[in-house]
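Participant: Return a 3D structure for these sequence lines:
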Amino acid sequence: MSEKQDFLEYFPYPSLRPYQDKAILFSRYVFKDGLIGLLSSPCGTGKSISILTGYLAAGGPSIGRLLVLTRTKNQSDVYCRELQMMRDKRGVRMIASIFVNRQDMCSLVKMKKLKASYRDFLALCRSLRRGLGGEICEYYFNTIINWYPTRRARKVVDKLAELGVSSSDFVYEIASSEELCPYEVTKLLSHKAHVIIGSYNYALMDPVRESVLGKIGLDIEDLNCIFDEAHALPLYATELLSDELSLTTVQRAIAEAEEFKVDDSGLIRSLEEFMRDFEAKLIKNGTLNEEKLVDHGRLLLALVECTKLRSLSTLKSLIADLEEEGERIRLLRSQGGKNPVSYVGRIASFLRLWIETEEKRFAKYAVVESYDHDRKFKLGIKCLDPSIACRVLNDFRSCILMSGTLWEPDYYIDVLGLNPKRAKILELPSPFPEDNMMVIVDMAVTTKFERRSDVEWDKMSSRLVEIIKAINGRVAVFFPSYEVMIAIVRRLEGKIDMPMMVETRSTKISEVKEFVVKNERCVLLGVARGKMCEGVEIVFEGRSMLNAVILAGLPFPRNTELHQALTEYFKVRFGDQAFKYATIMPCSIAIAQSAGRLIRGPQDRGLVILMDSRSARSFKRYLPRDWVNKMRQHVSLEAIIRDVKNFMSNNSP
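Facilitator: Prediction:
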C-alpha cells in the first residue's frame, strides 16, 4: 500500500483537494514522531479533515487522545461535522466530547435569563456548586454527588458515547431535558472520549486545564493537540493574562459597598481618588487614546497610605476579603432575581492581579479612551510575553499549530517559546486559480503617523468613495484604529449610495452576518483586529459573500509608551528581531486576517486593495509571495478604477 493509500481508508471524501495529501502526510509525521508542527495553508484547503486524517493514520487513539482547540464555536462545529462524516463514510467510531464555555452551557442562565460577565458567572456558579448561602444548583447536584456521577448522569453519558459525535447544542438539549448540568455531562463524556474539542483556554489557562483535563485523569504528556487559527495565539495569550479596570466600575463599586454594607477600609474610594487624579493629568496634557505607563508600586503605595493599612500584606488580606464579599453579593443578587454582578469583587480581582504581576513581563498603564464624546478612564495590566501561557505547548506529546496565515513561522516559534528542536514547518501554496484575486496598492495615500491630517483624510475618503462605487458589491473596509475610522467615516456620510454598517464597541457578530446576507450591495466599516475582521465568517454555503476587502491604511500598533515597553522587552529576548516581532508582525497578521474574509474556496474571486504606499515598499517582504507577484501599484485613481472595473467584469488582464 502506498504512502497516500495508507490514509485514504480514513479520508471521507471522494477526492483530495490540491496539496491536501501533503497536509495529511505532514500531520501524520508530526503526530507519529511526537513533534510540534506549524502548518500554513490557505482557507478553503480542507485543513481540519486533513489533520484528523493524519491523526488516525499515525495510530489514532493508540498514540494518545486528541485535544482540538479553537477560538470560536463555529470552528469547533467544523470538527464535529468532519468527525461525523468519517463515522458515516469510513466507519471511524471515535467518541468526541465538545466543550463550549460553562456559561453558554448553563441551563440556569437560559432559564432565569441571567446577564453577567463570564467572570461574575463563574463566581456565582462556584458558589452554587458549593452550596454557599444555603442555595444550590439542582442541575449540578442532579449530575454530581460527592464527586461521583449520579445514575441519571451515567445513563445520559452512555447514550451520548454510543452516538459517538454530538454537537454541544445537542448535549445541552439532552442534559437539560433530564435536569442535568450540560457542562458536567460534557466533562463526564470526556472520560470516554477519544477526541476532546474546546477553546484555547483548556491548554493555556492553568485552572481550566487542571479542572477539566486534570479531573479527567489526562496527563498533558500523553495528549496530542491541535491549535486551529493559530495566527491568533500570540495576541490571545497576552490578552488572557491582561486586564483593565474602568473608573466607572470603581464608582459603581462604591455604591455597591454601601448597599451591601461592605467594610473596605476606604480602599475603593482611595482607588477612585488615584484614578481621578491620573485622569485629570492625562486630560490636562491632551493625552487621549494613548496608554501611559504607571509604576507598579505607585498605585500600591497610594492605597496603603490612604487607607492606613500599614503594609502590603495587610492590603493583600483586605483584597482577599473583598473577593469573598464579591461572591456573597453575586449570590444575594441572584437570590433577589437580579443579575449576579459584583463590582466590589471585580476590583478585588484586578488589584490581586496587579500585585501578582510584578515581573518585567507585565506593564501597567493608564488610558483615557475618547470616542464620539464618550470618555472613559482605565487602569490596565498588559502581559508582554505570550510564552508565559504558551510554553505549555512543549509539554504535549505532539502539537500542530495551523492557520491560513502562518507566514513567518520563526516568529511564532520565538514569541510562543516553542522548542525549536521539535518544531517542523510546512507552508503550502494557494491551490486556487491565480486570477481569483487581484491585489492593488494605492500609492497616493498613507496613514503613517507623520502624515495624518485633515488633508490626508480628505484625500483618502474621496478616493475610497470612488473605489467603493466601482466595486458596486459587498465591500469590507478595515482601518488601523477607531480614531482613523471615525475621521474617514465622517467624510463618507451621504456620499455612498449603499447601506453602511460601522463597527462600534457594542456591535454583535450576528448583526454583521445578517446585514451582509440582507444586502447584495453594502459596505462594512471596521477596525483591523476588531470584531468584523476576526469574529465573522461572511460565507454562504461555503462561499465568501464579499467582493472586496480594503485596508485603509496599514494597521501598525500605535507607538505608545505601552508599545515601547513591549519593544524593549523583546529587545532583551530577541535582540535585533524586536522591532519586527513587536511592530511588523502584528501588522502583517492583521492584514492577513482582514483579507482572509475574502477567498474561502476555489470559486471565490475578490479584490484586496491596500490604501497605503508603504505596502509596496519595504513592508511588502512580509506579505505572501503570491500577493507580491500579482501586486498592482498606482498613484492615479483612474488607473485603480480601471483595474477594479476590469476585475469586476471578469476581464482581469
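
Participant: now I381, nearest residue through space, not along the chain?
Facilitator: Closest residue to I381 apart from its sequence neighbours, by C-beta to C-beta, 6 or more residues apart in numbering: D243 at 4.9 Å. C-beta here means a position set from N, CA and C on the backbone, and glycine is covered the same way.

Participant: swap in K32?
Facilitator: The shortest distance from K32 to any non-neighbouring residue, by C-beta to C-beta, 6+ apart, is to A58 (4.1 Å).

Participant: Share the number of residues neighbouring that neighbour, please.
Facilitator: 21 (other C-beta atoms under 10 Å).

Participant: try the one 5 residues further on
Facilitator: Using other C-beta under 10 Å, I63 has 17 neighbouring residues.

Participant: these two touch, right, it and R28?
Facilitator: No: using C-beta atoms under 8 Å, I63 is not in contact with R28, being 10.4 Å away.

Participant: anything in contact with each of those two?
Facilitator: Common neighbours of I63 and R28 are not found (criterion: C-beta atoms under 8 Å, 6 or more residues apart in numbering).

Participant: quick revisit: who touches the residue nearest to I381 in this structure?
Facilitator: S349, F350, L353, G380, I381.

Participant: now do G530
Facilitator: G530 sits next to F478, E503 when contact means C-beta under 8 Å, 6+ apart.

Participant: okay, it: pLDDT?
Facilitator: What the model reports as pLDDT for G530 is 78.

Participant: I467 too?
Facilitator: Confidence at I467, expressed as pLDDT, is 96.

Participant: Against A253, how distant is S270?
Facilitator: 12 Å (C-beta to C-beta, to the nearest Å).

Participant: So for those two, which residue has more residues nearby?
Facilitator: Taking neighbours as other C-beta under 10 Å, S270 and A253 compare with A253 leading, 28 against 20.

Participant: After the helix or strand containing the more buried one, which helix or strand is next?
Facilitator: Counting by DSSP states H and E, the element that carries A253 is helix 247-259. Note on helix 247-259: by DSSP H and E, the next helix or strand toward the C-terminus is helix 267-284.

Participant: tell me the average confidence for that next one?
Facilitator: Averaging pLDDT along helix 267-284 yields 95.

Participant: try stretch 490-497
Facilitator: In the prediction, stretch 490-497 has an average pLDDT of 90.

Participant: One more: stretch 316-323?
Facilitator: On average, stretch 316-323 scores 94.

Participant: ditto for stretch 584-594
Facilitator: Over the span of stretch 584-594, the pLDDT mean works out to 88.

Participant: Run through who's touching it.
Facilitator: 231, 234-235, 404-405, 407-408, 411, 476, 478, 528-529, 533-534, 549, 551, 554-557, 610, 619, 622-624.

Participant: Next: stretch 147-165.
Facilitator: With C-beta under 8 Å, 6+ apart, stretch 147-165 has contacts from 80, 83-84, 87, 93-96, 142-144, 166, 171, 174-175, 178, 180, 184-185, 188-189, 192.

Participant: how far out from the middle of the chain is that stretch?
Facilitator: Its chain's C-alpha centre and that of stretch 147-165 lie 32 Å apart, by C-alpha atoms, centre = their mean, to the nearest Å.

Participant: Give me the buried stretch members for it, please.
Facilitator: P149, A153, V156, V157, L160, A161, G164, V165 (16 or more other C-beta atoms under 10 Å).

Participant: got it, and stretch 165-174?
Facilitator: Neighbour counts using 16+ other C-beta under 10 Å place V165, S166, S167, S168, D169, V171, Y172, I174 of stretch 165-174 among the buried residues.

Participant: Can you pull out the low-pLDDT segments for the stretch 51-200 of the chain?
Facilitator: Residues of the stretch 51-200 of the chain that meet the criterion pLDDT under 70 lie in 133.

Participant: Spell out, range by range, the helices that occur in it.
Facilitator: Ranges of helices in the stretch 51-200 of the chain, per DSSP state H, counting those that start in this stretch, are 73-90, 107-112, 118-130, 138-141, 151-163, 168-177, 182-190.

Participant: Need those in a markdown table (columns: distance to F7).
Facilitator: Converted to a markdown table, the helices of the stretch 51-200 of the chain look like this (distance: least, C-beta to C-beta, whole Å):
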| stretch | distance to F7 |
| --- | --- |
| helix 73-90 | 11 |
| helix 107-112 | 41 |
| helix 118-130 | 39 |
| helix 138-141 | 42 |
| helix 151-163 | 25 |
| helix 168-177 | 28 |
| helix 182-190 | 26 |
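
Participant: Any idea which of these gets closest to I36?
Facilitator: Distance to I36, taken as C-beta to C-beta, is lowest for helix 73-90 among the helices of the stretch 51-200 of the chain, at 20.0 Å.

Participant: Touching the closest one from outside, list them.
Facilitator: So helix 73-90 is contacted by 9-13, 48-49, 52-53, 56, 68, 70, 92-94, 96, 98-100, 104, 164-168, 195, 197-198, 228-229, 537 (C-beta under 8 Å, 6+ apart).

Participant: Let's see that with 7 Å instead.
Facilitator: The contact list for helix 73-90 (C-beta atoms under 7 Å, 6 or more residues apart in numbering) reads 9-10, 12, 48-49, 52, 68, 70, 92-94, 96, 98, 100, 164-165, 167, 195, 197, 228-229, 537.

Participant: now swap in stretch 56-68 and tell me
Facilitator: Here stretch 56-68 makes contact (C-beta under 7 Å, 6+ apart) with 6-7, 10, 24, 28, 31-32, 55, 79, 92, 194-197, 202, 218, 222-226, 397.

Participant: That stretch: which residues count as buried?
Facilitator: Buried residues in stretch 56-68, counted by 16+ other C-beta under 10 Å: L56, A57, A58, G60, I63, G64, R65, L66, L67, V68.

Participant: Over to stretch 295-307?
Facilitator: Neighbour counts over stretch 295-307 (16+ other C-beta under 10 Å) mark H296, L299, L300, A302, L303, V304, C306, T307 as buried.

Participant: circling back to that earlier point, PyMOL command to pick out the buried ones of the contacts of stretch 56-68?
Facilitator: In PyMOL, a selection of the buried entries from the contacts of stretch 56-68 looks like this (16+ other C-beta under 10 Å):
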select buried, resi 7+10+24+28+31+55+79+92+194+195+196+197+202+218+223+224+225+226+397
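
Participant: Who are the contact partners of the residue lying closest to E511 once chain neighbours are set aside?
Facilitator: The shortest distance from E511 to any non-neighbouring residue, by C-beta to C-beta, 6+ apart, is to M501 (7.7 Å). By C-beta under 7 Å, 6+ apart, the residues touching M501 are V512, F515, L524, L525.

Participant: repeat for I329
Facilitator: So I329 contacts E256, F260, S342, V344, G345 (C-beta under 7 Å, 6+ apart).

Participant: buried subset of those?
Facilitator: Buried subset of the contacts of I329 (neighbour count, 16+ other C-beta under 10 Å): E256, S342, V344, G345.

Participant: What is the nearest of those residues to Q20?
Facilitator: Nearest member of these to Q20, counting by C-beta to C-beta, is G345, at 49.5 Å.

Participant: as a whole number, average confidence for the helix or strand containing D414?
Facilitator: Applying DSSP H and E as the criterion places D414 in helix 409-415. Averaging pLDDT along helix 409-415 gives 96.
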